[in-house]
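> Sequence first, predicted coordinates after that:
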Protein chains: 4
Amino acid sequence: MREETIRSGRTRIEWARAHMPIMERIRARFAVERPFEGLTIGICLHVEAKTGVWVETLTAGGAKIRVTGSPGSTQDDVAAALNEMPGVVAFGARRETYEEHLDHCRAVLSGRPDLIADNGADLHGLIAVEVPFAGLKGTLRGATEETTTGGYRLREEMPPFGFATWVINDTRAKRVVENRYGVGSSVVDGLMRATNLMLHGKTVVLIGYGYCGSGVAQRLRGMGAHVVVVDTDPMTRLEAHLEGFRTLPFDHALPIADIVVTVTGRTNALDARMLALLPDNCLIANAGHFATEIDLPHLRALAVETVQVREHVEALRLQDGRRIYLVAKGNLINLAAGDGNPIEIMDLGLALQSLSLEQLARHGRALPAGVHSVRADIEAEVAALAVRAWVDEAPAAA
Amino acid sequence: MREETIRSGRTRIEWARAHMPIMERIRARFAVERPFEGLTIGICLHVEAKTGVWVETLTAGGAKIRVTGSPGSTQDDVAAALNEMPGVVAFGARRETYEEHLDHCRAVLSGRPDLIADNGADLHGLIAVEVPFAGLKGTLRGATEETTTGGYRLREEMPPFGFATWVINDTRAKRVVENRYGVGSSVVDGLMRATNLMLHGKTVVLIGYGYCGSGVAQRLRGMGAHVVVVDTDPMTRLEAHLEGFRTLPFDHALPIADIVVTVTGRTNALDARMLALLPDNCLIANAGHFATEIDLPHLRALAVETVQVREHVEALRLQDGRRIYLVAKGNLINLAAGDGNPIEIMDLGLALQSLSLEQLARHGRALPAGVHSVRADIEAEVAALAVRAWVDEAPAAA
Amino acid sequence: MREETIRSGRTRIEWARAHMPIMERIRARFAVERPFEGLTIGICLHVEAKTGVWVETLTAGGAKIRVTGSPGSTQDDVAAALNEMPGVVAFGARRETYEEHLDHCRAVLSGRPDLIADNGADLHGLIAVEVPFAGLKGTLRGATEETTTGGYRLREEMPPFGFATWVINDTRAKRVVENRYGVGSSVVDGLMRATNLMLHGKTVVLIGYGYCGSGVAQRLRGMGAHVVVVDTDPMTRLEAHLEGFRTLPFDHALPIADIVVTVTGRTNALDARMLALLPDNCLIANAGHFATEIDLPHLRALAVETVQVREHVEALRLQDGRRIYLVAKGNLINLAAGDGNPIEIMDLGLALQSLSLEQLARHGRALPAGVHSVRADIEAEVAALAVRAWVDEAPAAA
Amino acid sequence: MREETIRSGRTRIEWARAHMPIMERIRARFAVERPFEGLTIGICLHVEAKTGVWVETLTAGGAKIRVTGSPGSTQDDVAAALNEMPGVVAFGARRETYEEHLDHCRAVLSGRPDLIADNGADLHGLIAVEVPFAGLKGTLRGATEETTTGGYRLREEMPPFGFATWVINDTRAKRVVENRYGVGSSVVDGLMRATNLMLHGKTVVLIGYGYCGSGVAQRLRGMGAHVVVVDTDPMTRLEAHLEGFRTLPFDHALPIADIVVTVTGRTNALDARMLALLPDNCLIANAGHFATEIDLPHLRALAVETVQVREHVEALRLQDGRRIYLVAKGNLINLAAGDGNPIEIMDLGLALQSLSLEQLARHGRALPAGVHSVRADIEAEVAALAVRAWVDEAPAAA
């Protein structure tokens, strides 16, 4: 049984590895240069196949790894496979509470890592407030933080740490590749999977037209949908309009929607007043990071009956007789109803992670302390690696 | 347990019904006009939620129904729910052999139906050769056949039956709506689900550029793929070229493919000679009706190792060292790795079925016997119903 | 002066020839096979550079040529250059009346041609009714007719001629290549030239969504316009809707138009009732064959003031105060405000002409008399020539 | 004669005015608030219809105007019409030398303007070096500069002036609206006009994929071209690749080009080494600001014969036998072979000018001296005006 679980985890990792050519190139160099020789890296990131490939890459560079995931996203077979790798300890399980998650973070930190790779600033938070980990402030060579949200927490809500923390998501590479293309296509994927509906001819109202939103808009149009953009910023509306999309004020847009997708990064992007405007049978989904983009408490309060009509779709019968379909309980549709970010996106993101950790390992506390974006030269190197892997050495270049 | 199964089936049917507005309009009329009063309809069609909505529509028109599915496609909970409807008997189960399937077809026919709705000509085949059903040739008012393949079998391989059989798929409505748009988007859906890969930037070689193929090409381009079209017909190549797609001879196209999709309707569209040209790590999938578009026996013979790397993907290590990924064992990718045709497609297709059966019920043997396409006036009426439901009475028309 | 005119005509022909690779291949074969040795071909077709290249091709095949154009479209320098070629006589001038045009047609016929290539059936018409040319019915080996309209006139309004007339435009090659792609892009070209307006963000209402209309719709969308399709056929509306275009009834569409383009092939596609719905400042243009698609007499009657605001745009102040901009006096916008069909389109169309005339020359009166479409095998040969020239031997195939 | 010239100029201005709704709104406000009461504005900008509408707007705000154009771009009839307006003096003529142009600039400055609107820093340059105008340094309230190039000259090559100069082109509004959409479509327009060739199926190699280049790429794809992107920046290549464009190194791209378009902002983007790679019959054009993007001296030196084959196309026969077509002598194709920027682009750009001059008029020397971008609040106000005019109050919003 356990053997089977490990084998399953390894197969997943192998599939991911075959589609992570950037990681492959970095691993080859790390294996020669061993930048992490003798160092321990503490990681908090979704424990799934792509992270598994990354762990391989770091260990090839000489690192010892202590890793845990986020609540709900751990793939148990991948965790089992990781625990079989020499020098790697993985904590966590799919069904864990937030408190258990924090315990696993503590387990990561108890290994006295030299570097940390954080996600949402959970590790940083423990270092900031819990006595046993306070000493890490003085010993850590540096840290990375995956998310913009984590970067915000670090800048606004936490004291200085004395070492450098580089925020991965604050890069053009991530914004363009992950937000525009990755999210753009995985939202379409998630919508089709969740509903088995055809997008051709559907009027989809998109709330938000930033990097993610414009990517989603392009892909929906590519699938034959009639996209209507709602955005409050005039310059952004202008851009959407000239790009060929209808842009309407929300009170004109929502009543004509077959589907509404929020992707704003703001709370209550679809608020009580707007929920009142949805037509009968409207389907609503969120593609923003937090489930709070839709005012779910209000929506739930309006519902007199709720039926799970498909795995990821609830039908809510409201007091006024309308039926509203809610996808994935308002969670990020591409993660909840899909497979998350495509492998290639993570290949690029983890390359930024790897080269950042390498610099922090090499130069550590000589680097300016505090929260910073990833350095431009590292971003340029990753872009060059991506072009080589995806374009210049792809079969199509032959 | 059985209660739960029935409830599950009913929930599926309800979801489908909410997205089949054409069927809704037809049902309302049938309930008044009762065109099938006193008649029994024998049906062979995938027993799943959309078929369930159709069965409701026909019973609303006064029909008694005996229905079975195709091997492997029956949804057991839908079958259970159907068996609870008055006047409906459903046969079959997901796990059934082809021989069991034929027994279920015999069970359908043993009810002495007045009309039959066939799929692949299985019911017709039994009437043609088995003595107990020979009498139906003289009593049936008429029949429909869903597939072009079934139409071919009827025309080429079976004797005349003495009643009219109308082939549903031989219509512009089906070809445009189902083939170009339905297949176009469900193939993209299937590819993303099966692989979790990003289509942006991938070189996808598409073999075949007919109604289905051109639809697939447009959707892939809409998702950022680099599409290369291979087709042997000069006029078709010209069209693809002017539409903005690269069109290459197969020996230039295949070596540059990240992904190959066949959609030709022909056997061995990807044959031994072509398989030899695929680059390492190439992923191959079929979007044509039959799994024979890829020469699987040859491919399997070349493989020295086969690993199931994802639910719908096998990695085959070939003798020459290349690794080839095969999606869904070469079966139609949108059905095998996805949810089949979107609901709206079936709403339109089953509308063609419903109005055809109505004519056959009303005028029966007064109509010309033999195999015919659906009449143009019926097709026009269905198109008009679709425009009303999807466009003129959609929220966006408000 | 005359030398300069001839040189100018030759330069135009040379530019066209460099972009007519299909004609090049045919000319090379004709020069060897000489299928028109000793024969005279009478031609009525726009006397401009592309026709000049065609005339070269036919003379290379041994033909003597007598050619005239259509009223208003003759390029005088090309005519001058043609008259310098051995074996060629060209009649006509840019400024000629319809009566003068008919005289030139008579001049063509007075050369007792063995084959004729007609345009709008003007030559056929003279043969049908004028005594001096009646004898041609018995001597002509055959004829081609460029336009569908001419084909209609021949079938419906003229007596049988005793020889075969093949209609060039009744082919998939012409419909797809010329109508969808040629007209699609030249209408966009014409709109931009005539107005210097930006199409991005403009609401363009397109009346008619056939081969031409759907091509225009795709190109307008490609230029960032918001396209709204008006069509009366349900199946066509359905197709436009699923393709991602808004389709509205005309009374909803016209009041929101920045620009209206007719492309229906019907008279009064924009009639009095519809003109009343246009908003102030609306710009209207016609992309259909005849200027009658817009009810111009009615529009002119409504106008209290008319100013030519740009070379191809009139501003009409109507009685009710609205200002309507009329492009190119309602004439086919791509011809009137642009340069007509792109060279490549004519390369393909004249290839159909050339191979048709060759068959008629070789087999003449052994072929079935009457009006026919171009034979499928000729169309296939032209498609194959086009693929070779445009794709397989293009620089991109290197 | 003179009457006719003036009338012609007025008709041009009227056409422009009807399509400049942003200017209309600003003019209405200016007419009430009179921000330029008693002030003189000296302007150096292309004297054509759109500038005429702007001059009307400024005079409505109380300004006296002295205006001249750039060498070669003055429309004489518009200049005549401007000279008829009270309070306006226009200098210059289409055929003027650069020295005459400078004289006209001197004439503008000799009116002792309170504000200047410059283009390429020609007015600033005279103030910097010529004694009679030195006093303006102390009296001018402020200035605008239209171009990025002029901004560069001001920052790098000229001494400080003591007043504020705001650079119009350094705004997201201009970059997105003008560069991506305006240039994107006008380049396509220019290519079609210059050549009468069809873009469908043509392989167009685009050198440069910035704001302009990506806009051109999208429009070319929208017209059916096969676009190949060449860019040296890895991140930019990555973006083009994921957007669905082939990106090749120049030595692979150029030999497969039917058409090459440069749009890099750099000198010799198509240099001697690259010219050597072009295939026979290749057509080359420049969409960058300066004609120096193509190494024309080298190209001319290679040519053994040059023929003007169309108004804007030269055919150069090179020593090695290749024929290369050069469009518009390497000048910016959309200006040289087209009508320049669409009216709407200038409506937005001149709105930025107007609101900037208003601020400079109101607050003058209280504003920080030196060269600055337009303030964000002004840009936001212009974007809001544009959305109101183009979207919320367009017919489509009705």
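Everything's here; your move. In this text the structure is predicted, and so the values were computed from the model without any measurement.

> count of neighbours near whatever residue of the stretch 1-150 of chain A ends up closest to chain D?
Going by C-beta to the nearest C-beta, chain D is nearest to A:Ile22 of the stretch 1-150 of chain A, at 11.0 Å. The C-beta positions use only the backbone N, C-alpha and C, and glycine is treated the same way. A count of nearby residues for A:Ile22, using other C-beta atoms under 10 Å in any protein chain shown, gives 24.

> On the three-state scheme, A:Pro160 is what?
coil (DSSP: H, G, I helix; E, B strand; the rest coil).

> which residues does it contact?
Applying C-beta atoms under 8 Å, 6 or more residues apart in numbering or on different chains, one finds that A:Pro160 lies in contact with A:Ala369, A:Gly370.

> how near is it to A:Val227?
Separation of A:Pro160 from A:Val227 (C-beta to C-beta, to the nearest Å): 44 Å.

> returning to what we had before: A:Leu385 is in contact with the residue of the stretch 1-150 of chain A closest to chain D, correct?
Yes. Under the criterion of C-beta atoms under 8 Å, A:Ile22 makes contact with A:Leu385 at 5.0 Å.

> and for the two, which residues touch both?
A:Ala351.

> Might you enumerate the residues of the stretch 1-150 of chain A proximal to chain B?
A:Thr11, A:Arg12, A:Glu14, A:Trp15, A:Ala18, A:His19 (C-beta under 8 Å from any C-beta of the partner chain).

> Same list (those residues) but as JSON lines, adding pLDDT and distance to chain D.
What follows is those, written out as JSON lines (pLDDT from 0 to 100; distance: C-beta to the nearest C-beta, whole Å):
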{"residue": "A:Thr11", "pLDDT": "93", "distance to chain D": "28"}
{"residue": "A:Arg12", "pLDDT": "91", "distance to chain D": "25"}
{"residue": "A:Glu14", "pLDDT": "93", "distance to chain D": "25"}
{"residue": "A:Trp15", "pLDDT": "92", "distance to chain D": "21"}
{"residue": "A:Ala18", "pLDDT": "92", "distance to chain D": "20"}
{"residue": "A:His19", "pLDDT": "93", "distance to chain D": "15"}
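
> Verify the stated contact: A:Gly370 with A:Thr165.
Yes. The criterion here is C-beta under 8 Å, and A:Gly370 meets it with A:Thr165 at 7.3 Å.

> average pLDDT for stretch A:71-80?
Summarised as a single mean, pLDDT over stretch A:71-80 is 85.

> Show me what counts as buried in it.
Judged by neighbour count using 16 or more other C-beta atoms under 10 Å in any protein chain shown, the buried positions of stretch A:71-80 are A:Pro71, A:Ser73, A:Thr74, A:Gln75, A:Asp76, A:Asp77, A:Val78, A:Ala79, A:Ala80.

> for the fifth one, what are its contacts?
Just to be clear, that refers to A:Asp76. Taking C-beta under 8 Å, 6+ apart, we find A:Asp76 in contact with A:Thr5, A:Gly9, A:Ala93, A:Arg94.

> And the residues you listed, which is closest to A:Met235?
A:Met235 has its nearest neighbour among the contacts of A:Asp76 in A:Arg94, at 43.2 Å by C-beta to C-beta.

> From A:Gly69, how far out is that closest one?
Here A:Arg94 is placed at a distance of 9 Å from A:Gly69 (C-beta to C-beta).

> Tally up the residues packed near the nearest residue to A:Ala272 once chain neighbours are set aside, please.
Ranked by C-beta to C-beta, 6 or more residues apart in numbering or on different chains and with sequence neighbours excluded, the top spatial neighbour of A:Ala272 is A:His298, at 4.5 Å. By other C-beta under 10 Å, the residues close to A:His298 number 15.

> Likewise for A:Glu100?
Neighbours around A:Glu100, by other C-beta under 10 Å: 15.

> average pLDDT across stretch A:357-370?
Per-residue scores along stretch A:357-370 average to 96.

> how far out from the middle of the chain is that stretch?
Mean-position distance between stretch A:357-370 and its chain equals 25 Å (C-alpha atoms, centre = their mean, to the nearest Å).

> returning to that earlier point: now the contacts of A:Asp76 in CSV, with pLDDT?
Listed next are the contacts of A:Asp76 as CSV, based on pLDDT from 0 to 100:
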residue, pLDDT
A:Thr5, 94
A:Gly9, 93
A:Ala93, 85
A:Arg94, 81
